[in-house]
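Undergrad: Structure for the following, please:
(one chain, ligands or ions: 1)
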Amino acid sequence: MVSEIKKYVINGKDVWQGYLYKVNNEKQRNPIKYHIRPLTPDDAEQMGKLSENIYKHLKNGEECFIHKHSQEYFHEVFNNTQINYIGVFVGNHLIGMSYIRVCETKEELQEELPNSEYNFFETERNNGKNKIASMGGDSVLPNYRGNALNTIMINYRIEQAQKLGCTDCTSIVDRKNRWNMGPYFACRFNLFSTAIDPSDGGKISLLHKPIEKDSVLSCFKPRVSIPFERLELIDYMISKGFVGVEFNRENGEVLFAHTQYYRQAQRMMVQNYKQLQIKQRMTKAL
Ligand SMILES: CC(C)(COP(=O)(O)OP(=O)(O)OC[C@H]1O[C@@H](n2cnc3c(N)ncnc32)[C@H](O)[C@@H]1OP(=O)(O)O)[C@@H](O)C(=O)NCCC(=O)NCCS
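TA: Numbering: from 1, shown residues only. You can find the predicted model right below:
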């Protein structure tokens, strides 16, 4: 159950407040109040502990690309004015966090959205005023999962991005991580491309949402559902102009719909898919 969110501005900062209905997998008779606010260097110690805790509890099938960081790292991170961390608190206890990094060049975005073929900084887009808010570091402590906290953090970050003058939001999700697909699709992101993360060779899904446009989908086109682990088939669908728009947790299928929006990325995917087929045929022939 997702609680209603109340939005406040306190000392110039956006503070959102809601209730947790599930803790430790148990429904709460008396929902627990939480709030979301921007993090500051004073939170660095708790951020280090949260990061350690998330890593300690990662299970098989919970693959994620986010890195374990120390509190020293989190102290330093506040010197980078492009990065804005937000946190979810129960009282003074940090139970979830995530960030947006505002990218104004292709190179900056490449660090956040590795191997993306689509050029978000093309001058025809948004009259050349492109500013991309890349989301990352999404984490909720295991005991507090199941309250849609990441969906709420994504919505908070979209509003932050809008206030910072961003035109688009992007993110990456490990292709095996079924837990973070729902939250991004719930916030109307599109799985528009897939790639290999050069830092660890992991397979990742690239997600995007134009801030102003509500939908980029074509009308009157069929919808196709594909199991999320059918990686090659998903690449093929993307090469044919489809994007992932929904995740069904019951059967593990991603729903694909058609769009013209990412044509440039799709052309590259077609080439890559063809090259892969040629490579496979050659390997077979040898
Ligand atoms: C991804 C993440 C932030 C989502 O947390 P969340 O916002 O609390 O998740 P939701 O509320 O949307 O969860 C929906 C359901 O999935 C379950 N779920 C969520 N994450 C889960 C996980 N990692 N393992 C098992 N079940 C999980 C919830 O318990 C809930 O179940 P319910 O409907 O039966 O109550 C959280 O799983 C996490 O911190 N994972 C580790 C770090 C990570 O993978 N980050 C993402 C990098 S791509």
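
Undergrad: Flag the shaky bits of the stretch 151-286 of the chain, pLDDT-wise.
TA: For the stretch 151-286 of the chain, applying pLDDT under 70 flags the ranges 220, 264-270.

Undergrad: Break down it into its helices, ranges please.
TA: With DSSP state H, counting those that start in this stretch as the definition, the stretch 151-286 of the chain shows helices at residue ranges 181-186, 231-239, 263-285.

Undergrad: middle-most residue in the protein, spatially?
TA: Nearest to the geometric centre of the chain sits residue 171, at 3.8 Å (Cα atoms, centre = their mean).

Undergrad: What residues does this protein have near the ligand?
TA: For the chain, the residues in contact with the ligand (Cβ under 6 Å from any ligand atom) are 22, 54, 62, 64, 66, 138-140, 145-151, 173-174, 177, 179-180, 182-183. For the C-beta atoms, the positions are set from N, CA and C on the backbone; glycine is no exception.

Undergrad: quick revisit: go ahead and confirm the residue nearest to the centre of the chain touches residue 137.
TA: No - using Cβ atoms under 8 Å, residue 171 makes no contact with residue 137, being 10.1 Å away.

Undergrad: these two touch, right, residue 27 and residue 21?
TA: Yes - Residue 27 lies in contact with residue 21 (Cβ under 8 Å); the separation is 6.3 Å.

Undergrad: With neighbour numbers in mind, choose between these two.
TA: Here residue 27 and residue 21 are set side by side on neighbour count (other Cβ atoms under 10 Å), and the busier one is residue 21, at 18 against 10.

Undergrad: how close does that one get to residue 86?
TA: Taking Cβ to Cβ, to the nearest Å as the measure, residue 21 and residue 86 are separated by 21 Å.

Undergrad: any chance you could map the strands in the chain?
TA: Assignment of strands within the chain using DSSP state E yields the ranges 6-10, 13-23, 26-38, 83-90, 93-103, 132-140, 168-174, 190-196, 203-210, 224-227, 242-248, 253-258.

Undergrad: and the fourth one, what does it pack onto?
TA: It stands for strand 83-90. Identification of packing neighbours for strand 83-90 by 3 or more Cβ pairs under 8 Å, 6 or more residues apart in numbering; DSSP states H and E yields strand 26-38, helix 44-56, helix 71-77, strand 93-103, helix 149-163.

Undergrad: Swap in 10 Å and give it another go.
TA: Packing partners of strand 83-90 (3 or more Cβ pairs under 10 Å, 6 or more residues apart in numbering; DSSP states H and E): strand 13-23, strand 26-38, helix 44-56, helix 71-77, strand 93-103, strand 132-140, helix 149-163.

Undergrad: Also the fifth one?
TA: Secondary structure elements in contact with strand 93-103, counted by 3+ Cβ pairs under 10 Å, 6+ apart, are strand 26-38, helix 44-56, strand 83-90, helix 106-112, strand 132-140, helix 149-163, strand 168-174.

Undergrad: try it again with 8 Å
TA: Strand 93-103 makes packing contacts with helix 44-56, strand 83-90, helix 106-112, strand 132-140, helix 149-163 when contacts are defined by 3+ Cβ pairs under 8 Å, 6+ apart.

Undergrad: tell me the contacts of the closest residue to residue 97 other than its chain neighbours?
TA: Closest residue to residue 97 apart from its sequence neighbours, by Cβ to Cβ, 6 or more residues apart in numbering: residue 87 at 4.5 Å. Contacts of residue 87 were listed using Cβ atoms under 8 Å, 6 or more residues apart in numbering, and they are 36-39, 43, 46-47, 94, 96-97.

Undergrad: Select only the buried ones of these in PyMOL?
TA: Restricted to buried positions by 16 or more other Cβ atoms under 10 Å, the PyMOL selection for those reads:
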select buried, resi 36+37+39+43+46+47+94+96+97
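
Undergrad: can you put the contacts of residue 87 in JSON lines and add pLDDT?
TA: Listed next are those as JSON lines, based on pLDDT from 0 to 100:
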{"residue": "36", "pLDDT": "98"}
{"residue": "37", "pLDDT": "98"}
{"residue": "38", "pLDDT": "98"}
{"residue": "39", "pLDDT": "98"}
{"residue": "43", "pLDDT": "98"}
{"residue": "46", "pLDDT": "98"}
{"residue": "47", "pLDDT": "97"}
{"residue": "94", "pLDDT": "98"}
{"residue": "96", "pLDDT": "98"}
{"residue": "97", "pLDDT": "98"}
